[in-house]
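**Q** Have a look at this fold, sequence not included:
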């Protein structure tokens, strides 16, 4: 009976998530499953703890594969581990084989900190998932099933090949070559934006391979990236919803040179400092006026015979006015110079996003007008008005940038002063109440 209890204790210690004789966690009888998210094939990997224990896996895992394959059974102890792993580029390996050369492997070592974790299950039932990422970092997790892949390159590849057919096989690529090409691009989506959801990676692959490899430089896409951070699936949905005009802009690659031409022009560079420059010019002009008034006053005081008191008083008043105006102009220029201003590139991004959004809105309005214009004469649109009436209403909102500028120039002086003084906030509040 005592012998059975002793044996039972040893078995219990082996299966427990913590070593009862040590403060360090001990994991006994675990299986190991590697999951490869790199764009290379994972040949093998070995996990080592600080106590001499080892566990391994691999087996030529393609990009995105690993779930469902495992090796058993290992004991690991502690919270600090090192992982030695070996990958190779399958495309380069095929070239090496054709040339009767040795396949070149890439060897990596990654340190992993894995906090103390409770586990449950019999020998071999607890699976240590080892996740290999494109930036060479490695993560551990315990599971009790054989799934657990976090990035599914195979699903993205299948979707892309099914949806776009021959476009997925440029230059006569075979199935495996096309898959590796798609996996390489998808891995960049993770590297740049931490995309993992299938829908996000599908759109990233589509835009990179079939629209424009620099699509994410477009201001509209940059805004989407910023607004969808940490929301799996949101990037893909937003990219699918991009207006046709923006997609055409991205595909034509016009957004780069349009922005470059606009923002490298002297007109733009002048506009960045135009307000400050005008204040400085005004101060210089008033300073010259002050100098002239001071010279005139000094000349009157020094002349002989002496000027009458009324003439001197008029000159003194003119000099005082000139001094006050010059000091006020200097104050305004100094305040403007010290004010925190919007950076040039931040302004470029903001204005470019505005123009792209405006172009998309105008294109949608034009499409709606064309649709209404195609309606037969005498037709009645839902709402009771004729299509012509709705078309005219929509057209009234379609303005060119020049018309927008003319409308701003036509603002009454009182409104301009209100805006400049920043007092319109209380005007709006008063009207709202």
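**A** Ah, there it is. Note that this is a predicted model, so its numbers are computed, not measured.

**Q** What ranges in the chain fall below the confidence cut-off?
**A** Applying pLDDT under 70 to the chain flags residues 1-22, 67-69, 124, 254-273, 339-352, 378-385, 400-411, 415-433.

**Q** What segments of it are strands?
**A** 26-36, 41-48, 54-61, 71-77, 80-88, 106-113, 127-132, 138-143 (DSSP state E).

**Q** how about TSV for those strands, with distance to residue 306 and mean neighbour count added?
**A** Any C-beta I mention is one placed from the backbone N, CA and C, and that applies to glycine too. Converted to TSV, the strands of the chain look like this (distance: least, Cβ to Cβ, whole Å; neighbours: other Cβ atoms under 10 Å):
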stretch	distance to residue 306	mean neighbour count
strand 26-36	100	23
strand 41-48	102	20
strand 54-61	104	19
strand 71-77	106	17
strand 80-88	96	18
strand 106-113	92	12
strand 127-132	97	23
strand 138-143	94	17
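
**Q** would TSV of those strands with distance to residue 245 be doable?
**A** Shown next, in TSV, are the strands of the chain (distance: least, Cβ to Cβ, whole Å):
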stretch	distance to residue 245
strand 26-36	40
strand 41-48	42
strand 54-61	43
strand 71-77	54
strand 80-88	42
strand 106-113	44
strand 127-132	40
strand 138-143	41
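
**Q** Out of those, which is closest to residue 302?
**A** strand 106-113 (86.1 Å; Cβ to Cβ).

**Q** thinking again about what came up before, tell me which of the strands of the chain sits nearest to residue 297.
**A** Closest among those, once you apply Cβ to Cβ, is strand 106-113, at 80.0 Å.

**Q** what are the pairing partners of the closest one, and which direction each?
**A** Strand pairing for strand 106-113, determined by DSSP bridges: strand 80-88 (antiparallel).

**Q** What residues of the longest helix along the chain count as buried?
**A** Using DSSP state H to define each element, the chain has its longest helix at helix 266-302. Residues 272, 279, 280, 282, 283, 286, 287, 289, 290, 293, 297, 300 are the ones in helix 266-302 that count as buried (16 or more other Cβ atoms under 10 Å).

**Q** Apart from its neighbours in sequence, what residue is nearest the second one?
**A** If I follow you right, that is residue 279. Distances taken as Cβ to Cβ, 6 or more residues apart in numbering put residue 333 closest to residue 279, at 4.2 Å, once the chain neighbours are dropped.

**Q** number of nearby residues for that neighbour?
**A** For residue 333, the neighbour count with other Cβ atoms under 10 Å is 20.

**Q** same check, this time on residue 125
**A** 17.

**Q** who touches it in this structure?
**A** The contact partners of residue 125, by Cβ atoms under 8 Å, 6 or more residues apart in numbering, come to 31, 144.

**Q** Quick check: residue 318 vs residue 290, distance?
**A** In this view, residue 318 and residue 290 are 10 Å apart by Cβ to Cβ, to the nearest Å.

**Q** And residue 122, by the same measure?
**A** 94 Å.

**Q** can you check residue 203 too?
**A** Distance from residue 203 to residue 290, by Cβ to Cβ: 64 Å.

**Q** returning to that earlier point: now do the same contact list for the residue nearest to residue 279.
**A** 276, 279, 280, 282, 283.

**Q** got the contact list for the residue nearest to residue 130 when sequence neighbours are not counted?
**A** Setting aside the residues directly before and after it, residue 130 is nearest to residue 34 in space (Cβ to Cβ, 6+ apart), at 4.7 Å. By Cβ under 8 Å, 6+ apart, the residues touching residue 34 are 42, 45, 57, 58, 61, 66, 69, 130, 132.

**Q** can we see that at 7 Å?
**A** Going by Cβ atoms under 7 Å, 6 or more residues apart in numbering, residue 34 touches 42, 45, 57, 58, 61, 66, 130, 132.

**Q** can those go into a markdown table with extra columns for distance to residue 210?
**A** Output for the contacts of residue 34, formatted as a markdown table (distance: Cβ to Cβ, whole Å):
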| residue | distance to residue 210 |
| --- | --- |
| 42 | 29 |
| 45 | 35 |
| 57 | 36 |
| 58 | 34 |
| 61 | 28 |
| 66 | 28 |
| 130 | 34 |
| 132 | 28 |
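
**Q** and of the residues you listed, the nearest to residue 156?
**A** Nearest to residue 156 among the contacts of residue 34, with distances taken as Cβ to Cβ, is residue 66, at 15.8 Å.

**Q** Burial check on the closest one, number of neighbours?
**A** That count, for residue 66 with other Cβ under 10 Å as the rule, works out to 25.

**Q** ok, so what distance separates it from residue 153?
**A** Distance from residue 66 to residue 153, by Cβ to Cβ: 11 Å.

**Q** which residue packs closest to residue 48, ignoring adjacent ones?
**A** That would be residue 82: by Cβ to Cβ, 6+ apart, it lies 5.1 Å from residue 48.

**Q** Was I right to think residue 128 contacts residue 35?
**A** No - look at residue 128 against residue 35 with Cβ atoms under 7 Å: they stay out of range, at 11.1 Å.

**Q** any idea how far residue 195 is from the spatially most central residue of the chain?
**A** When Cα atoms, centre = their mean is applied to the chain, the residue found nearest the centroid is residue 225 (3.5 Å). Separation of residue 225 from residue 195 (Cβ to Cβ): 10 Å.

**Q** Give the intersection of the neighbour lists for the two.
**A** What both residue 225 and residue 195 touch, as defined by Cβ under 7 Å, 6+ apart, is the set residue 235.

**Q** Please report how far the residue located most distally from the centre of the chain lies from residue 133.
**A** Within the chain, residue 305 marks the point farthest from the mean C-alpha position, 78.4 Å out by Cα atoms, centre = their mean. Separation of residue 305 from residue 133 (Cβ to Cβ) stands at 95 Å.

**Q** Residue 223 now?
**A** Taking Cβ to Cβ, one finds residue 223 at 27 Å from residue 133.

**Q** Counting neighbours around each, name which of these two comes out higher.
**A** Using other Cβ under 10 Å, the more surrounded residue of residue 223 and residue 133 is residue 133, with 19 against 15.

**Q** check contacts around the more buried one.
**A** So residue 133 contacts residue 37 (Cβ under 7 Å, 6+ apart).

**Q** got the phi/psi numbers for it?
**A** Taking degrees, to the nearest 10, you get phi -100, psi 160 for the backbone angles of residue 133.
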